[in-house]
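*Asks:* Predicted model and sequence below, questions to follow.
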Amino acid sequence: MLFNSFDFLIYFPIVTILFFLLPHRLRWIHLLTASYIFYMTFLPVYVTILLITIVIDYFAGIYIERSQGSTRKFYLILSLIGNVGFLCFFKYYDFFVDNINLLLSTSLSELKDLWISDYIIKSNNYINTNLNNTLGTHLTILKDIVLPIGLSFHTFQAMSYTIEVYRGNQKAEKHFGIYSLYVMFYPQLVAGPIERPQNILHQFHQKQTFNYDRLIDGMKLILWGLVKKIVIADRLALYVNAVYGNPADHSGLTLLFATILFSFQIYCDFSAYSEIAIGAARVMGFELMTNFKRPYYSKSMAEFWKRWHISLSSWFTDYVYIPLGGNRVAIPRAYLNITIIFLLSGFWHGANWTYILWGAVNAGYLIFGKILAPYKKKLNSAIGINEKSSLFHFGQILSTFILASFAWIFFRATSIADAKLIIVKILSFDGPLWYDSPSMIVYSLLAIALLLASEYIVEYDVNKYRLFQNSNWLVRNISYAVAIIVILLFGVFDGGQFIYFQF
Amino acid sequence: MSQNKHFGKTIFRIASFLIILYSLDLTIGNVLRTFYFRQSSGALSRTTYVMEKSEAPGLILGSSRASHHFVSDSLSASLRIPFYNAGKDGQSIFYHYALLKVILKRYTPDIIILDVLHDELDLKQDSYDRLAELLPYYGSHEELHPIIELRGNYERFKMLSNVYPYNSMLLKIGIGNTSLNQKRFVESNGYLPLYGKFKQAKNHDRIETAVPLDPNKVNVLESFIRECKARNVSLFITVSPNENNVRPNTSVAKSKELAAKYDIPFFDFTNDTFFTSQPKYFWDAGHLNDDGANILTRTISKEINVKWSGDDRRSL
């Protein structure tokens, strides 16, 4: 069930109303059931994987808390192996096998050729055929094995629980249902934000009461998330998919334009999911962490990474970068640490060298940013550039956007060869600009203008133009209605799922 | 008591918002409707013309290949009845059938030429998405409902909005209300000629992935044929030429099979050597230029003249 589907539009209010109607002691059962149903609308069979990791981590948490010394570590490692094992098997198996086969000229079988894949496909098809026949659902009948949806997200969230229990920052959750809900909570189950137990777990124990202001706050986030997804991201996707699907047939100018559009598309697509998730949780009284803070207004790549996918960046910082020594080590080691977390972050996104290269490019930005920072300062003062001027800030924002967009080429291209072709063509800057119809360009540019304007207002705190937060009741309500009209008039209703679902 | 007051206030606020939303939707939707149906040129106005005004006894239905391949005036001269070309870019059998249903409610054409694609009956999501072009007619044409609702279970609920039928059409509606389209496109009774020659090298090795047939499309094509038969409309099905050789596929075979089942003439020009050997008659790999279109139209009208005789030619 997608957030941008009519199904969710019906499902969400029903779940929320029932949540508030039920007594507190039954709410966890209701939310857990709702979360299972939500997840099972994708591929019911994969809920088994979630259940196995939930059981492993639940008991691991309890045993870690009860144990001392090396036994404590043993249970942590056991839990991490369980989580990472599933991730490696479903997501990275083919990547490793393909590369080993290529390097060593072996012929190890791919995932689809293993007996377990056949077993999963048969089980899925048996379950789904029966459900489709009896309930009239349209569940997918698989031909090939696919990655369980949102696997990387809930695996990382589950891992943060056992790590935090091991570190003593979180008490082990004794209530199996509540722990299951921590992993399964449906608004953020398949694409984050990747929560920490300290932030969310205790909220499931607290009694939430209905609050009108919170309802409106949450609904505003959901509405803006839908605008970002349906009006902006899916609109830009029409152009980006057509061009990136066949880069050899397009000019440098077209590829450059498509790359710029993709920078906005991926941001709107992913941040929209986070905002809808945060909004849906807030309506029910739960506070999830902020995942994006207007990253394209960053003045450096270092700042960009503090504003982009914050829940994942901070996960890598807390559980990988700092344990490696962070920046409190010798400079070369600190640069190595940066490289490691960005390569891991790239690999987290997908089992493809393009993602790893995307991570490497971003690591390069940060390392060179640190190396060049003192020289840049000296140069600016030598030639008399005012670093506090608006023009200088604009230049910083623009250069950060260009760097981020360049890196996105590796993220979006289907292969390194395609990425290379795209870069070479962009640098040649030959025309003409391709378009299917003029409206394709006009709507895309309008969508970007809408995004930049709305984020400018928040970034620079231009309160008088804040429509959703306006002090006048009528202005506020008209702006909500206009947002809905904008979705109906300019939205792409045939758009696909969220990009980050594949991770 | 205070909780009741709070609840009442919440209901009042929600109701007020819904009134604002409804008013905006109604106002903007009506403005869009007015300007939509006021268009005098462009693709959207052609659809309105076919649905609401055309009384041509000869009709050409199909995708962009129909609109660029069949010269209405040439057919009119050859078959001695007025023809209108209602071909529409990117559309599939769903759209053609919808058009037929609306037209048959108003009048019965004597002859229909239905140009199908070589992959017409293949399962393609795009064929469903493109039905959005029929949404402005949903309210006034009940016969369109079953076709439009193929887009999804919730389409009827989305149609409660007055704005949604004009989704992504604002710019086109704006341009359609100016003379810009008349300057950009030449049109003659629906025929849209393409001028110029195809320059790209022939790609004989194009491999097309096998796509399953869409049972909905197969059913709709059969219904199309049956409705024409029931109303005594002389139907001719064609597959116009491609610059590339197209391998025999299940879609063409199924279309042919259905045509044979109902004794409908079927002219397959998919790999016609006259055209495939002469790229000068093409504008791109899938479309003939004006020269090619004139030759194809003449060839087809000769064939029709042979097959279409006696009682069938009611209007002559």
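*Replies:* Received, thanks.

*Asks:* State the pLDDT value of B:Arg314.
*Replies:* In the predicted model, B:Arg314 carries a pLDDT score of 50.

*Asks:* Please apply the same query to B:Glu208.
*Replies:* Among the per-residue scores, B:Glu208 shows a pLDDT of 59.

*Asks:* before we move on, what about A:Asn199?
*Replies:* Reading off the per-residue confidence, A:Asn199 sits at a pLDDT of 93.

*Asks:* That one: what secondary structure?
*Replies:* Classification of A:Asn199 by DSSP: H, G, I helix; E, B strand; the rest coil places it in helix.

*Asks:* what sits against it?
*Replies:* A:287-289 (CB atoms under 8 Å, 6 or more residues apart in numbering or on different chains). The C-beta positions use only the backbone N, C-alpha and C, and glycine is treated the same way.

*Asks:* ranking these by neighbours, who comes first?
*Replies:* The residue in the contacts of A:Asn199 with the most neighbours, by other CB atoms under 10 Å in any protein chain shown, is A:Leu288 (23 neighbours).

*Asks:* just checking, what packs against the helix or strand hosting A:His393?
*Replies:* Element membership for A:His393 (DSSP states H and E) is helix A:390-412. Helix A:390-412 sits against helix A:252-283, helix A:301-307, helix A:353-382, helix A:416-428, with contacts defined as 3 or more CB pairs under 8 Å, 6 or more residues apart in numbering or on different chains; DSSP states H and E.

*Asks:* deepest of those, which one?
*Replies:* Sort the helices and strands packed on helix A:390-412 by mean neighbour count, taking mean count of other CB atoms under 10 Å in any protein chain shown, and helix A:252-283 sits at the top with a mean of 24.

*Asks:* I'd like to know which elements that one is packed against.
*Replies:* Taking 3+ CB pairs under 8 Å, 6+ apart as contact, the helices and strands that helix A:252-283 lies on are helix A:6-21, helix A:212-226, helix A:234-244, helix A:390-412, helix A:416-428, helix A:438-459.

*Asks:* Low-confidence regions, the chain specifically.
*Replies:* Defaulting to chain A. By pLDDT under 70, the weakly predicted segments of chain A are A:494-503.

*Asks:* The chain in question should be chain B.
*Replies:* Regions of chain B meeting the criterion pLDDT under 70 cover residues B:1-4, B:182-185, B:199-209, B:309-316.

*Asks:* Might you report the residue contacts of the residue of the stretch 1-150 of chain A found nearest chain B?
*Replies:* Of all residues in the stretch 1-150 of chain A, the one sitting closest to chain B is A:Phe6 (3.9 Å; CB to the nearest CB). With contacts defined as CB under 8 Å, 6+ apart, the neighbours of A:Phe6 are B:152-154, B:157-158.

*Asks:* ok so, going back, adding distance to B:Val211, write the helices and strands packed on helix A:390-412 out as TSV.
*Replies:* Output for the helices and strands packed on helix A:390-412, formatted as TSV (distance: least, CB to CB, whole Å):
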stretch	distance to B:Val211
helix A:252-283	26
helix A:301-307	42
helix A:353-382	28
helix A:416-428	24
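
*Asks:* tally of neighbours for B:Arg226?
*Replies:* With neighbours defined by other CB under 10 Å, the count for B:Arg226 comes to 12.

*Asks:* in terms of contact, does it touch B:Tyr262 like I think?
*Replies:* Yes. Under the criterion of CB atoms under 8 Å, B:Arg226 makes contact with B:Tyr262 at 7.1 Å.

*Asks:* The stretch 101-250 of chain A: helices as residue ranges?
*Replies:* Assigned helices in the stretch 101-250 of chain A, in chain order: A:115-135, A:151-167, A:176-184, A:197-205, A:212-226, A:234-244 (criterion: DSSP state H, counting those that start in this stretch).

*Asks:* So for A:His250, which of those helices sits nearest?
*Replies:* Proximity to A:His250 (CB to CB) singles out helix A:234-244 among the helices of the stretch 101-250 of chain A, at 5.1 Å.

*Asks:* buried sites along the closest one?
*Replies:* Neighbour counts using 16 or more other CB atoms under 10 Å in any protein chain shown place A:234-240, A:242-244 of helix A:234-244 among the buried residues.

*Asks:* Tell me how far the helix holding A:His393 lies from the chain's centre.
*Replies:* Shown here is helix A:390-412, whose average C-alpha point lies 20 Å from the average C-alpha point of the whole chain (CA atoms, centre = their mean, to the nearest Å).

*Asks:* what inclination does it have with respect to helix A:234-244?
*Replies:* Taking axes from the mean of the first three to the mean of the last three CA atoms, to 10 degrees, one finds that helix A:390-412 is oriented at 60 degrees with respect to helix A:234-244.

*Asks:* Could I get the buried residue list for helix A:390-412?
*Replies:* Using 16+ other CB under 10 Å as the test for burial, helix A:390-412 gives A:396-397, A:400-401, A:403-405, A:407-412.

*Asks:* what do you get for stretch A:69-88?
*Replies:* For stretch A:69-88, the neighbour count (16+ other CB under 10 Å) marks A:72, A:75-76, A:78-80, A:82-83, A:86-87 as buried.

*Asks:* Tell me which residues touch the residue nearest to A:Gly431 when sequence neighbours are not counted, please.
*Replies:* Take A:Gly431 and drop its neighbours on the chain: the residue closest to it by CB to CB, 6 or more residues apart in numbering or on different chains is A:Leu253, 4.6 Å away. Counting by CB under 8 Å, 6+ apart, A:Leu253 touches A:429-433.

*Asks:* what do you get if the cut-off is 10 Å, keeping everything else the same?
*Replies:* Neighbouring residues of A:Leu253 by CB atoms under 10 Å, 6 or more residues apart in numbering or on different chains: A:425-426, A:428-434.

*Asks:* re earlier: give me the subset of the contacts of A:Phe6 touching chain A.
*Replies:* Judged by CB under 10 Å from any CB of the partner chain, the overlap between the contacts of A:Phe6 and the neighbourhood of chain A comprises B:152-154, B:157-158.
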